[in-house]
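In: can't give you the sequence, but here's the structure:
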């Protein structure tokens with residue numbers, strides 16, 4: 001049974017979806033998706049062409065971006081000339097697992113790169129580096145820490161990534177009030193204006 005969703009598909013159902021060309025001609029099926037568990041990326045899809053033209057025993061390792069998901073027909077579209085597929089690097093259908101099991105270190109990604117650069121896509125190693133950089137840019141700049149003071153009241157601290165305390169809250173008798181205070185800071189801080197009272201003219 002195929003997924004009812006046109007967008008979110010369970011990985012154990014991917015092999016139920018066909019791969020077709022732009023003309024709608026059946027080419028084969030997705031055999032499996034190879035996931036990079038370290039980086040949380042789909043490294044590539046293994047596609048079996050099942051005798052389409054003269055492609056028989058070779059399985060093709062295709063970058064995810066090479067396949068276009070069609071939500072209406074629920075098929076993968078591969079827009080790639082046959083002459084490119086003729087000499088495309090493939091995997092032995094009986095030994096592909098041994099090949100990917102050997103990829104462990106960063107240098108091993110060069111073996112995977114050929115399945116990307118042959119088709120004109122950015123190298124997988126380059127994609128990994130960009131992903132790591134983007135994740136680094138999204139890291140939170142600070143954290144909230146909740147604790148109890150000597151009077152038994154709950155307080156929260158806003159702490160920078162370097163460990164310095166940016167702000168300390170008032171005391172709350174209940175932890176729930178302290179957590180609500182944190183949420184209030186999160187909501188209001190981005191739109192809060194600066195009111196510098198030191199710029200006001202002192203009253204004589």
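Out: Cool, the structure landed. These figures come from a predicted structure and were not determined experimentally. Numbers count the residues shown, from 1 in each chain.
In: how far away is the residue nearest to residue 123 when sequence neighbours are not counted from residue 17?
Out: Distances taken as CB to CB, 6 or more residues apart in numbering put residue 113 closest to residue 123, at 4.4 Å, once the chain neighbours are dropped. (Glycine included, C-beta is placed from N, CA and C.) Noted for residue 113: a distance of 26 Å to residue 17, by CB to CB, to the nearest Å.
In: follow-up on the earlier one: and the residue nearest to residue 123, that one's in a helix?
Out: Yes. Counting by DSSP: H, G, I helix; E, B strand; the rest coil, residue 113 is located in a helix.
In: and it, what's its pLDDT?
Out: Looking at residue 113, its pLDDT reads 85.
In: and it, how many residues sit next to it?
Out: Residue 113 has 17 neighbours, counted by other CB atoms under 10 Å.
In: per-domain residue ranges of this structure.
Out: If you go by automatic domain parsing, the domain ranges for the chain are 11-136, 142-199.
In: deepest in the core, which of the ones you listed is it.
Out: Comparing these by mean neighbour count (mean count of other CB atoms under 10 Å), domain 11-136 comes out on top with a mean of 15.
In: for residue 117, what are its contacts?
Out: Counting by CB atoms under 8 Å, 6 or more residues apart in numbering, residue 117 touches residue 123.
In: distance check, it against residue 125.
Out: Per CB to CB, residue 117 is found 10 Å from residue 125.
In: got it, and residue 181?
Out: 45 Å.
In: try residue 114
Out: From residue 114 to residue 125 the distance is 11 Å (CB to CB).
In: same check, this time on residue 42
Out: Counting by CB to CB, the gap from residue 42 to residue 125 is 15 Å.
In: what do you get for residue 195?
Out: Residue 195 is 50 Å from residue 125, by CB to CB.
In: who is the closest residue to residue 174 other than its chain neighbours paired with across the strands?
Out: Residue nearest to residue 174 in three dimensions, not counting chain neighbours: residue 154, with 7.0 Å by CB to CB, 6+ apart. As for beta bridges, residue 154 partners with residue 148, residue 172 under DSSP bridges.
In: I figured residue 154 hits residue 145, correct?
Out: No. Taking contacts as CB atoms under 8 Å, residue 154 lies outside contact range of residue 145: 11.2 Å.
In: and the helix or strand harbouring residue 127, how far out from the chain middle?
Out: Taking DSSP states H and E as the definition, residue 127 sits inside helix 124-137. In terms of CA atoms, centre = their mean, to the nearest Å, the centre of helix 124-137 is found 10 Å from the chain centre.
In: which helices and strands does that helix pack with?
Out: Here helix 124-137 touches strand 41-48, helix 109-117, going by 3 or more CB pairs under 8 Å, 6 or more residues apart in numbering; DSSP states H and E.
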